[in-house]
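[1] Make a model of this:
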Amino acid sequence: MKQVLFALTLICGSTLLSLSGCIKKVTSEPNIDTASKVQESNINPETGNLIALWVMLPEKEEAIIITKPYAVFMQWYGDVKQFRFYDNIKKTITKTNDFDAFLARLAAMPKGTEIQKYDTCTVSQLHDMPQSEHEKLKSILHERNLKWAISEVNGREEKIFCTCRSKGLRYP
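    Next comes the predicted model:
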């Protein structure tokens, strides 16, 4: 998988591929490590919404489906630092390991935008994010008047999915 992403990065550089297959230059998103083409198999056929990832359970894979126009899934857990931005309107997924590039992507959002934030149960995927980085994120949200969408399930600022029985996560 890493070889495929590396090859995609070499071929595409800092481009973002969309569902239609057209290539769009990413000019406001510096240092984006990889770009993903969203294939039909990464879109829920019932809703037409992006699939953020799959939770690999012992008996099946459970799709986590984006339900808002924009969403994020951030991981800062041990050595893992990955930040994903989902555009459910353009059907694109932008991934980076560079937190400052991710913040630049958020800062480029129109003021007042609502963003769905995903996280896992029990222990947050942002468990090891330094407080200074949390403050940077809060600052961007405040400056741009960006809001985390409130979950209709639990009334919290993140949409939680369970990974207790999971063997791992699989990404588009």
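
[2] For this protein, give the helix that spans the most residues.
    Looking across the chain with DSSP state H, the single longest helix is helix 131-143.

[3] got the buried residues for that helix?
    Residues 133, 137, 140-141 are the ones in helix 131-143 that count as buried (16 or more other C-beta atoms under 10 Å). For every residue, glycine as well, the C-beta is placed using N, CA and C.

[4] Against which helices or strands is that helix packed?
    helix 99-107 (3 or more C-beta pairs under 8 Å, 6 or more residues apart in numbering; DSSP states H and E).

[5] Check the chain for me, the residue farthest from its geometric middle.
    residue 59 (25.3 Å; C-alpha atoms, centre = their mean).

[6] could you point out where the protein is predicted with low confidence?
    Applying pLDDT under 70 to the chain flags the ranges 1-38.

[7] let's go with 50 and repeat that
    1-30, 33, 35 (pLDDT under 50).

[8] How about the secondary structure of the residue nearest the centre of it?
    Centroid-nearest residue in the chain: residue 84, 2.5 Å away (criterion: C-alpha atoms, centre = their mean). What DSSP: H, G, I helix; E, B strand; the rest coil gives for residue 84 is strand.

[9] list the contacts for it?
    Applying C-beta atoms under 8 Å, 6 or more residues apart in numbering, we find residue 84 in contact with 52, 72-74, 93-95, 171.

[10] can you redo those as a markdown table with secondary structure, neighbour count and distance to residue 66?
    Formatted as a markdown table, the contacts of residue 84 follow (DSSP: H, G, I helix; E, B strand; the rest coil; neighbours: other C-beta atoms under 10 Å; distance: C-beta to C-beta, whole Å):
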| residue | secondary structure | neighbour count | distance to residue 66 |
| --- | --- | --- | --- |
| 52 | strand | 25 | 5 |
| 72 | strand | 22 | 10 |
| 73 | strand | 26 | 9 |
| 74 | strand | 21 | 14 |
| 93 | strand | 28 | 9 |
| 94 | strand | 21 | 13 |
| 95 | strand | 19 | 14 |
| 171 | coil | 16 | 13 |
